[in-house]
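Asks: please find the sequence and the predicted model below.
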Amino acid sequence: MSQRVLVLGAGSVGVFVGGQLAAAGMEVIFVGRQRVLDDIAEHGLRLTDLDGGATEVGPDRFGLALAPDEPERADLVLVTVKSADTAAAARAVAGRLRPGTPVVSLQNGIGNDTVIREILPTSVVLAGMVMFNVVHRGEGRFHRASDGVVAVQDDPVVDRFADRFREAGLPLRRHRDLRPVQWAKLLLNLNNPINALSGRPLREELADRDYRRCLALTQSEALAVMNTARIRPAQLTPVPPELMVHLLRVPDSLFRRVFGRVLAIDPVARSSMADDLARGKRTEIAWLCGEIVRLGEMVGRPTPVNRRLVELIRAAESGDERRFSGSRLFAELTAAARAVAR
């Protein structure tokens, strides 16, 4: 009997993951905005990746809805909305899921699973993370533009759907405690606002030392706050986060030689935050740099670099300039840090 998956959030990540599951034989229902639903209804799905893989999924192999339809029939719920929409997505199915239904948050940021758990107390709510970048190229084309896995908090309920994820080419990496992974992913995602403000594709931005120095400033501040809060992020890169901060500052030629795989990203891939700004949408800055600012306030440590990035992204959301050279952005962040140090 086919398992029914309800995907709350038909964005790039939700459609790519859900599309792969549909191709593997699961009954998938996408809940999202009209623009994306119209696109995939007309064109179906063409799912590709940087390794050369390609999967076609016809529009007759998945369902579409603007609001959750018959959620009581769902065997699995994937929450892939932006963090600001987490509570609304959970409320849309509150009281309508069967008790014990697994609900997995595949979102950026820290604590979305807690928000969902409070609203859906009879469900088995698990934290999860998609560790790769997905680009929506229009006309039903969604491209995995970087390496990565799907991580999930371990629980016996995962056994219900782990095999289907593996068959879909999305083997689950199970973690007893996902929080260290979430904090480590947040460290990596601190590049999202830098990429958005650069106006450049990810690969081009990360190949530029000045932008990497911006990321080093941002991550160094975040690590100091995490250390004060006794938070130990997992190691997701070939070297520990503390060492990566130093290596981000090395000359471009050395970075390319040592960390060439970091730059193994599709040439046109940009951060989701860059895509949000391009579409005039609110970003997740409050759940990235804003998370570091809040943690700093809790432990009594200033976070001027991350606070300045929040300000710059908020200004960009309001229509201000969002194309900073690496040297100019580095000067902005350095000045913010020095102002607090005086």
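Replies: Received, thanks.
Asks: what residues are up against R209?
Replies: Contact analysis of R209 by Cβ atoms under 8 Å, 6 or more residues apart in numbering lists R249, V250, P251, D252, F255, G326. Yep, even glycine has a C-beta here, placed from its N, CA and C like the rest.
Asks: what helix or strand is the spatially most central residue of the chain on?
Replies: The centre of the chain sits closest to N108, judged by Cα atoms, centre = their mean, with a distance of 4.2 Å. Counting by DSSP states H and E, no helix or strand carries N108.
Asks: now do it against W183, distance only.
Replies: Relative to W183, N108 is positioned 12 Å away (Cβ to Cβ, to the nearest Å).
Asks: could you do E27 as well?
Replies: Distance of E27 to W183, given as Cβ to Cβ: 35 Å.
Asks: cool, R200 as well?
Replies: Distance from R200 to W183, counting by Cβ to Cβ: 27 Å.
Asks: quick one, what contacts the spatially closest residue to G290 that is not a sequence neighbour?
Replies: Using Cβ to Cβ, 6 or more residues apart in numbering and skipping the chain neighbours, the partner closest in space to G290 is V310 (5.5 Å). Applying Cβ under 8 Å, 6+ apart to V310 gives the contacts P193, I285, A286, C289, G290, V293.
Asks: from these, which land in strands?
Replies: Taking DSSP state E, every one of the contacts of V310 sits outside strands.
Asks: could you pick out the buried ones from the residues you listed?
Replies: P193, I285, A286, C289, G290, V293 (16 or more other Cβ atoms under 10 Å).
Asks: does the last one touch N306 like I think?
Replies: Just to be clear, that refers to V293. Yes - applying Cβ atoms under 8 Å, one finds V293 in contact with N306, separated by 5.4 Å.
Asks: ok, E27 and W183, which is more surrounded?
Replies: Taking neighbours as other Cβ atoms under 10 Å, E27 and W183 compare with W183 leading, 21 against 18.
Asks: need the longest helix for the chain.
Replies: Counting residues, the longest helix found in the chain (DSSP state H) is helix 209-228.
Asks: now the next helix or strand after that one, how far from the centre of its chain.
Replies: Per DSSP H and E, the first helix or strand lying C-terminal to helix 209-228 is helix 241-247. Offset of helix 241-247 from its chain centre (Cα atoms, centre = their mean, to the nearest Å): 21 Å.
Asks: and helix 241-247, what other elements does it pack with?
Replies: On a contact count with 3 or more Cβ pairs under 8 Å, 6 or more residues apart in numbering; DSSP states H and E, helix 241-247 meets helix 209-228.
Asks: quick one: buried residues of the helix it packs on?
Replies: By 16+ other Cβ under 10 Å, the buried positions in helix 209-228 come out as 209-226.
Asks: any idea how far A162 is from the residue nearest to the centre of the chain?
Replies: Distance, N108 to A162, using Cβ to Cβ: 23 Å.
Asks: helix or strand next in line after the lowest-mean-pLDDT helix or strand in the chain, which one?
Replies: Across the helices and strands of the chain, mean confidence by mean pLDDT, DSSP states H and E is lowest for helix 252-258: a mean of 85. Going down the chain from helix 252-258, the next helix or strand is helix 272-278, by DSSP H and E.
Asks: pLDDT (mean, whole number) over that next one?
Replies: Averaging pLDDT along helix 272-278 yields 92.
Asks: just the buried positions in that helix, please.
Replies: Buried residues in helix 272-278, counted by 16+ other Cβ under 10 Å: S272, M273, A274, D275, D276, L277.
Asks: off-centre distance for it?
Replies: 12 Å.
Asks: stretch 127-141 too?
Replies: Here stretch 127-141 is found 9 Å from its chain centre; the criterion is Cα atoms, centre = their mean.
Asks: for that stretch, output the C-alpha coordinates as PDB.
Replies: The C-alpha coordinates for stretch 127-141 follow below in PDB (Å, rounded to 0.1, in the frame of the first residue of the first chain):
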ATOM      1  CA  ALA A 127      13.600  17.900  13.700                       C
ATOM      2  CA  GLY A 128      15.300  17.400  10.300                       C
ATOM      3  CA  MET A 129      17.500  19.300   7.800                       C
ATOM      4  CA  VAL A 130      18.100  19.200   4.100                       C
ATOM      5  CA  MET A 131      21.800  19.700   3.800                       C
ATOM      6  CA  PHE A 132      21.900  20.600   0.100                       C
ATOM      7  CA  ASN A 133      21.000  23.600  -2.000                       C
ATOM      8  CA  VAL A 134      18.100  23.400  -4.500                       C
ATOM      9  CA  VAL A 135      17.600  25.800  -7.400                       C
ATOM     10  CA  HIS A 136      14.200  26.300  -9.100                       C
ATOM     11  CA  ARG A 137      14.800  27.000 -12.700                       C
ATOM     12  CA  GLY A 138      11.200  27.400 -13.800                       C
ATOM     13  CA  GLU A 139       9.000  25.200 -16.000                       C
ATOM     14  CA  GLY A 140       9.100  22.400 -13.400                       C
ATOM     15  CA  ARG A 141      12.900  22.200 -13.200                       C
END
